[in-house]
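Undergrad: Got a predicted structure plus its sequence, pasted below:
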Amino acid sequence: MRLAWEFFKRDARIALSYKAAFSVQMLGNLLLLGIFYFIGQLIDRSDNPMLSPYGGSYLAFILIGLALGDCAGVSLTTFAGQIREGQLTGTLEATLLSPVPLPVILVYSSLWSYFLSAFRFVLYVGLGALLYGVSLHQANILSTLAIFALTILCFAGIGILWASVIMLLKRGEAILTTGGFIVILVSGVLFPRSLLPGWIQTLAEFVPLSHALDGMRLAILHGDGIGELGAVFWKLAVFAVVLPALGFTAFNRAVTLAKQRGSLAEY
Amino acid sequence: MEAFASDRSCSDVRSAHEKALVVERVSKEYGRSLPLARNAGGPAAGAAALTDVSFSVGRGEMIGLLGANGAGKTTLLKIITTLLYPTSGRVLIDDMDVSASPNQVRRKIGLVTCDERSFYWRLTGRQNLSFFGALYGLTREQVHERGESLLEMLGLAPAGNERYQGYSSGMKQKLAIARGLLADPAIVFYDEPTRSLDPLSAQNVREWIRAMRASSPGQTHVIATNQLSEAEQLCDRVLILARGRLIAQGTIREIREAYHAQDHELHCVTYRGAAFNGAIAVDPGAGLLAVEDGEADASLRTLRLRTVRGSDALSSALQRLLGSGRIVVRCDTDEASFDEIFCSLVLRDHESGADRLPQVTP
């Protein structure tokens, strides 16, 4: 725990030392909330049957989509980001010289990012409820937390897999951006998946965020418990086991290759 | 191969349990890049960075790893410190193979690097030490106690709460020393510890290294450096790498003696009289390799002779000089400096090909 805390403190101190950037980032989050409030006002004027399973409010729908999408996005980027930053700043080799196994370093280096993501989750959903009347009174806390945890595991697996690629290729922002757009498109972050063509909906079955969003919206807006969300939990659980295992296997392999090639700290 | 054989004979003197570091026939050749990573860094494919390097370091020793730029010093340090895999051979630290047990090995080593970028610039000196101390499993109390003691010794305590980005080069290097020694490692590696420092700061750092060594006599130190005077001041033994090969190892005195034993001498004869004008000719068979006659001042001349060590060439030349009526005022034999020996060894390796070079390992 002490080591985890030291990583958290390190990243928090560095992030907070850039006071202007940190404040503007927080302001940006609030502005985003405002933008989607007005889009919600527009859409909620028409009674949309596609939103009825989620309580009928687009603002509630989109806020949960944004919050969970943010968490998935952080998982996708934070691990590769830490590797890349360590390579660029020159601290990667100094860290890797310690007796702490690399996967542990990778996971602990993500704690601050996850803390911020959880903060934004609470900010989006909480301010949506406080300022704009999004109803949370039916929310099932246990299901919400369980889906949140499974979502993190799933996307952390993909994120670590991605970090393996970055370890070897060094740069891959374009690939990640494109992949991110595909995930946003097919998983229903911004709109219900029922709007999409059938074949894309089939494709969405293989994207864990699709199931996570369904489950999270039903847990928060419909009050569904773990029993009622059984199918969602099973699918997420399978992803949550397979993807991190794949991620760590690929990452260990990538580190071995980098150590053979002598490119560990190259950027 | 010869270096390895020599090292074995050397190590026979030391019993196995005294060895802190053993490098056995380590070679490193960089393989082909991944297809999509051709331009993503890493050394050139197919390049042999190290070839059959072997040596051992006894506990408590301080050895210098010398070599020109690109000789393979950093590659060797990276292999020893688990950051790079060798293509063949193995490295043992306290009898543990660094490739098989990297995490256990890392508990025993510390690296003092000259790379200023290896710290977090937005954190203070103390915050940096606290983070790296935690990585080495130190408790808060241990980090505080040891960290403060090191900062105090290095004169960094007053600046400990300042951000690293505001440190001078000397302060950054001192913090690197503090980090390398923080976990009290069994072996400390220094990668060019005074590279970017002015002469005064460099001397200070050397003094600190010497002081640290005196305070922990059981600690082993390996210093990779381009500063030969640094190696002369600090190290018990030196290893000289050229083109990835170990071309010499031993104490500086041993290397100097071995060099002279198989090499040439330069004599400078100062005499009074007319110029020789080629009266003494080069005769390699008799051990006279070069002759150069010149004017020293209005009344004296100098005759420079390069002879094979142990030959009669100097004596013959002096006899002819005296026999012709000239008066010998003085005769000096130059002792090559360690810098000259180092350059000569490295240049000969580059010119002749390492395979044909005689090993000067004592």
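TA: Here it is on my side, so go on. Numbering: from 1, shown residues only, chains lettered A, B, ... in the order given.
Undergrad: Number of residues surrounding the spatially closest residue to A:Met50 that is not a sequence neighbour?
TA: Spatial nearest neighbour of A:Met50, chain neighbours left out: A:Pro192 (4.3 Å); criterion: CB to CB, 6 or more residues apart in numbering or on different chains. Every residue, glycine included, has its C-beta placed from N, CA and C. A:Pro192: 20 surrounding residues under other CB atoms under 10 Å in any protein chain shown.
Undergrad: Look up how far A:Tyr58 lies from A:Pro192.
TA: Distance, A:Pro192 to A:Tyr58, using CB to CB, to the nearest Å: 10 Å.
Undergrad: Overlap of the contact sets of these two?
TA: Shared contacts of A:Pro192 and A:Tyr58 (CB atoms under 8 Å, 6 or more residues apart in numbering or on different chains): A:Leu51.
Undergrad: Tally up the residues packed near A:Pro49, please.
TA: 9.
Undergrad: returning to what we had before: give the contact list for the residue nearest to A:Met50.
TA: A:50-51, A:54, A:61.
Undergrad: repeat that with 10 Å
TA: Applying CB atoms under 10 Å, 6 or more residues apart in numbering or on different chains, we find A:Pro192 in contact with A:48-54, A:58, A:61, A:65, A:213-214, A:217.
Undergrad: A:Thr249 falls within a strand, correct?
TA: No. Per DSSP: H, G, I helix; E, B strand; the rest coil, A:Thr249 lies outside any strand segment and is helix.
Undergrad: That one contacts A:Thr256, correct?
TA: No. Using CB atoms under 10 Å, A:Thr249 makes no contact with A:Thr256, being 11.0 Å away.
Undergrad: and stretch A:87-104, how far apart are its ends?
TA: Using CA to CA, to the nearest Å, one end of stretch A:87-104 lies 17 Å from the other.
Undergrad: And that stretch, what's buried?
TA: Within stretch A:87-104, the residues that count as buried by 16 or more other CB atoms under 10 Å in any protein chain shown are A:87, A:89-100, A:102-103.
Undergrad: and which of those is nearest chain B?
TA: A:Gly90 (2.8 Å; CB to the nearest CB).
Undergrad: distance of the closest one from B:Phe119?
TA: Relative to B:Phe119, A:Gly90 is positioned 8 Å away (CB to CB).
Undergrad: Go ahead and flag the most central residue of chain B.
TA: The centroid of chain B falls nearest to B:Leu66 when counting by CA atoms, centre = their mean (2.4 Å).
Undergrad: partners of the host helix or strand of that one, with directions?
TA: According to DSSP states H and E, B:Leu66 maps onto strand B:62-67. Paired strands of strand B:62-67, with direction, are strand B:220-225 (parallel), strand B:237-242 (parallel) (DSSP bridges).
Undergrad: For A:Arg2, which non-adjacent residue is closest in space?
TA: Distances taken as CB to CB, 6+ apart place B:Ala134 nearest to A:Arg2, at 6.0 Å, with adjacent residues excluded.
Undergrad: what about that neighbour, is that helix, strand or coil?
TA: With three-state DSSP as the basis, B:Ala134 sits in helix.
Undergrad: all helices for the stretch 151-300 of chain B, in order.
TA: For the stretch 151-300 of chain B, the helices defined by DSSP state H, counting those that start in this stretch cover B:169-182, B:199-215, B:228-234, B:252-261.
Undergrad: on that earlier part again, relative to B:Phe276, how far out is the residue nearest to A:Met50?
TA: 104 Å.
Undergrad: just B:Met153 next, same as before
TA: In this view, B:Met153 and B:Phe276 are 61 Å apart by CB to CB.
Undergrad: List the residues that contact the closest residue to B:Leu288 other than its chain neighbours.
TA: Leaving aside its chain neighbours, B:Leu288 sits nearest to B:Ala313 (4.0 Å; criterion: CB to CB, 6+ apart). Contacts for B:Ala313 (CB under 10 Å, 6+ apart) come out as B:264-265, B:267, B:280, B:282-289, B:291, B:305-307.
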